[in-house]
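Visitor: Here is a sequence together with a model predicted from it:
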Amino acid sequence: MEIEEKLAKINGILQYENEILLQMFHEDGLLVLARGLGLERIFCEMLKLYCAEHNLVFILGCTDVEQTYFIEQLIMEGIDPPPRVITADVSIHERKELYLQGGLFFVTARILTVDFLTDRLPIDLITGLLIYRAHRITDSSSESFIIRLYRDKNKTGFIKGLTDSALDFSRGYNQLECVMKNLFLRHVYLYPRFQLTIRSTFENCSPDVIELQVPLTILMMNIQISLTELINACLQELRSSTTWLDNDLLTVDQAILSSFERLIRIQLQPIWNQVSIRTKQLLNDIKTLRLFVLYLTQYDCVTFYNAVQAVFVNEKMYGSRGKNVYSSQGSTGSWLYLPGAEKLLVASKCRVFGEVAKKQIQTAKDNEEPPKLEENPKLKLVADVLQEIRENEDNKKLGPPVTLIVCAEDRACSQLKQYLLLGGRVMLERLLEQTLNPSTTNETETKKPTEKKPKKNRTTNDTKEETTNDNNSNTDEKPDIEGIEGGYVIEDDDGITCPSTTVLYPFSGNIDNHFVLGKILYKYRPRFVILYDASLTFVRQLEVFKATNPTHPLRIYFLLYGKSIEEQRYLLSVKKEKEAFENLVREKASMVIPEEREGRDEYNPLLNRDPTPANQQAYGTGAASTIDQYDTRRGGMMAITTISNSRPKVIVDMREFRSELPSLIWKRGIDIEPVTLEVGDYILTPEICIERKSVSDLIGSLNNGRLYQQALQMTRFYKKPMLLIEFDQKQAFHLANKQRYNSSSEFSAHDITSKLALLTMHFPKLRILWCPSPYASAELFEDLKRDREEPDSKNAMLVTAESDLLDEDERYNSIVQDLLIRMPGITFKNYKLIMNKVTNLRELSQLNEEELTSIMGNSKQASLLYNFIHKQKGDLVLDIKSKTVSNSNWKKRR
């Protein structure tokens, strides 16, 4: 009853939020909330419930911006002590003291994993774990490793996961069950927008919504039709070029969504090296056309024409050589030669220059010419709505209005600001002048636009102009709106209507922009909101704002192009989220969850670290077997060998806990000891040292020479140095596409493969391990450690770049040794013979050929070395040419 009474005293908490908090507090579970319904509000209230010194709660999965937001919200509400942030700047001693004090801690997964493994905090005394954005938890993630370590030693603490991304659970097989299994949770709480409690909450106090549908112009409609035809043509060709893609995904409705490219990548990533160049080019073409669809409704006619013209100019000047197929930008394809492409270029040009194209524009009248510099209809509508807001009669009672305009991107906000300050005609003329004369500087931008509208006085926060004394007459009544990062503020006073303040801010471009929009709503409390671009998340944020402030007047202007792809894209986003929740509801109803899922019993199979197959465990050969060794069911299998209770150990560098490999090693029954290593990443035995490289890290290390130094140190201090090249399991197991090289091409010195070959030639002791995934790496580590001596962490920490050489073979000068190995006739079998009997290179140069033969034991190798030292350059060139001629003659005779 204490929690119910505590929640009842909180002001502004909604009915469905109260229901969620009660369920999550009494029973551990995974909350899946619809996007935009205030997951951050629920998470803040949950932090308040556990923010006490007698609790020790760790928070995982938050970004730096989210951490700052939650801490600021709790400080504003007087929570003491607020959550603490544990970073690498906090020392080990300070961390121990903070853990003993208790409270809430935002901590990175790497630091918490190391503290768990080194027993720097009492795991059995932890109150619980809060996982934010729990849909990111995978079987090999760092957060999943932390949860396993926590549940292995703490059977009473809670685990609670929260997320607002239902679409991520619809991708993959049984994604919801996999996430719940990794979180050790039995309950899932689904709260879509159509849930009964949420629907009743918003029906009682809904904002005043005015939907304004503006039709597309004739030219914009023709451009949209052309883009749809081109996308459809590319999709048809894509279906015929590959059979790896799902046909349900290759539709125009799916192609216009921003998630189309990511879904295609997921399906093609495992076989990306087998995908033809034509297929990759088609994917780039669809991406380009989808950007044109967005530009058509977001930007002005000049910007759109420049984007289209740039693609055609690039194809005209360079053709297929315009861009590299393997680059991120891609290249242009055959869609430029279709009739729809010509219509697209002509229509976009007509919007700017007003040229008549009756063949392409059939709906135009005979005597009607398209207007020059066609203004975006939605921009005109925004200006009309702002004028209506300024003339609103309620402004006399409620004071000067604050209007929030939300756009899709920051560039759209900047364009809208220029339109409101300069006017549509002036803005387009300046953009056209910059397009025609890009070298000339536009000095008129810094001037105040008062010639066209002398009565109006508008200023923005980015120009830092001061308003007149007349405009400052009502500054005490206006909210302070300075300091908004990334947005624009316009203060308007024309002397006739009521002064108004307009705030422009984008809802995309930054993953954390919805936090800033929430701050604007609750701090500045706008009475009018104009949705220039449709955003499902922000629409629901406005619903939550109105529900928590029922007495605050709020009017929303929803601007959409009627019968456009913009409207279709918004409706598709609503439909896809609804379908995702419906699938989750059906999956929850049919899900079979075992009783031991939470891992609270002492012997839990989910926490078993024995990698032995189940069939071997059943017949008594595994470490977890309880079957008698004389059981007849064993069917002639070998007798059980006595297995030591001590587990194998691997020394891991602290920086490696950002990867998935340490958690997979631990799951295979190998203990992990985190240590700060200067040489190598993993120490398997006193002789085996492994440096792990991902593909991207490998390329960077080869280019900057860092891998050479790492290999040099490993070969000096360890007898068996190894380089592990680890690929992502979701990507193809390859370094280069098969189409890039043919049989007659030669690898250049800058190529990855040639650099690896040079590395192995330079360090013959270095072994290269190729692993297609971290799972294969963990299995390989287990095989390498079998029946070998365990490493010592103290000795591993003593190995540094400046320490003495540990190998007996390193008693020679390493620089001279490297030079000697590269001489002709010197091999790794005879170089030690020379170094034992010859003092220095000077003495080596004074030996004759017979003395070299007696030392090296091979006359041919001694002759090569002697000739290399004593013969002149010209003589060596003649010898090489003579050998080449003799070899060619022998081939001809053969």
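Guide: That came in fine, so what should we check first?
Visitor: what ranges do the helices span in the stretch 601-750 of the chain?
Guide: 614-618, 661-667, 695-704, 706-717 (DSSP state H, counting those that start in this stretch).
Visitor: in what helix or strand does Val85 lie?
Guide: According to DSSP states H and E, Val85 maps onto strand 84-86.
Visitor: buried ones in the next helix or strand after that strand?
Guide: Counting by DSSP H and E, the next helix or strand C-terminal to strand 84-86 is helix 92-101. For helix 92-101, burial by neighbour count (16 or more other CB atoms under 10 Å) applies to 95, 99. Heads up, the C-betas are built off the backbone N, CA and C, glycines and all.
Visitor: Just the CA atoms of helix 92-101, as CSV, please.
Guide: C-alpha atoms of helix 92-101 as CSV (Å, rounded to 0.1, in the frame of the first residue of the first chain):
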residue,chain,number,x,y,z
ILE,A,92,38.6,2.4,-8.5
HIS,A,93,38.9,3.6,-4.9
GLU,A,94,36.2,6.3,-5.5
ARG,A,95,33.9,3.7,-7.1
LYS,A,96,34.1,1.4,-4.2
GLU,A,97,33.2,4.2,-1.8
LEU,A,98,30.3,5.3,-4.0
TYR,A,99,29.0,1.8,-4.2
LEU,A,100,29.0,1.5,-0.4
GLN,A,101,27.0,4.8,0.0
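Visitor: Please name every helix or strand in contact with the helix or strand following it.
Guide: Using DSSP H and E, the next helix or strand after helix 92-101 towards the C-terminus is strand 103-107. Judged by 3 or more CB pairs under 8 Å, 6 or more residues apart in numbering; DSSP states H and E, the packing partners of strand 103-107 are strand 56-60, helix 64-76, strand 84-86.
Visitor: Turn those into JSON lines, columns for mean neighbour count and distance to Glu849.
Guide: Output for the helices and strands packed on strand 103-107, formatted as JSON lines (neighbours: other CB atoms under 10 Å; distance: least, CB to CB, whole Å):
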{"stretch": "strand 56-60", "mean neighbour count": "23", "distance to Glu849": "70"}
{"stretch": "helix 64-76", "mean neighbour count": "16", "distance to Glu849": "69"}
{"stretch": "strand 84-86", "mean neighbour count": "18", "distance to Glu849": "69"}
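Visitor: Of these, which is nearest Pro499?
Guide: Comparison of the helices and strands packed on strand 103-107 against Pro499 by CB to CB identifies helix 64-76 as nearest, at 29.3 Å.
Visitor: what comes up buried for stretch 815-824?
Guide: Leu820.
Visitor: Keeping just the C-alphas, turn it into PDB.
Guide: Taking C-alpha atoms only, stretch 815-824 is exported to PDB below (Å, rounded to 0.1, in the frame of the first residue of the first chain):
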ATOM      1  CA  ILE A 815      67.100  -4.100 -35.600                       C
ATOM      2  CA  VAL A 816      70.200  -5.900 -37.000                       C
ATOM      3  CA  GLN A 817      68.300  -9.200 -36.800                       C
ATOM      4  CA  ASP A 818      65.500  -7.800 -38.900                       C
ATOM      5  CA  LEU A 819      68.000  -6.500 -41.500                       C
ATOM      6  CA  LEU A 820      69.800  -9.900 -41.600                       C
ATOM      7  CA  ILE A 821      66.700 -11.900 -42.100                       C
ATOM      8  CA  ARG A 822      65.900  -9.800 -45.200                       C
ATOM      9  CA  MET A 823      69.200 -10.600 -47.000                       C
ATOM     10  CA  PRO A 824      69.200 -13.100 -49.800                       C
END
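Visitor: which other residues reach that stretch?
Guide: 762, 826, 828, 831, 834-835, 840-841, 864-865, 867-869 (CB atoms under 8 Å, 6 or more residues apart in numbering).
Visitor: one more time with 10 Å
Guide: 712, 761-764, 809-810, 812-813, 826-828, 831-832, 834-835, 838, 840-841, 844, 861, 863-869, 876 (CB atoms under 10 Å, 6 or more residues apart in numbering).
Visitor: before we move on, the earlier item: what pairs with the strand holding Val85, parallel or antiparallel?
Guide: Using DSSP bridges, strand 84-86 pairs in its sheet with strand 103-107 (parallel).
Visitor: what about Pro157, distance to Phe145?
Guide: In this structure residue 157 is Gly, not Pro. Separation of Gly157 from Phe145 (CB to CB, to the nearest Å): 16 Å.
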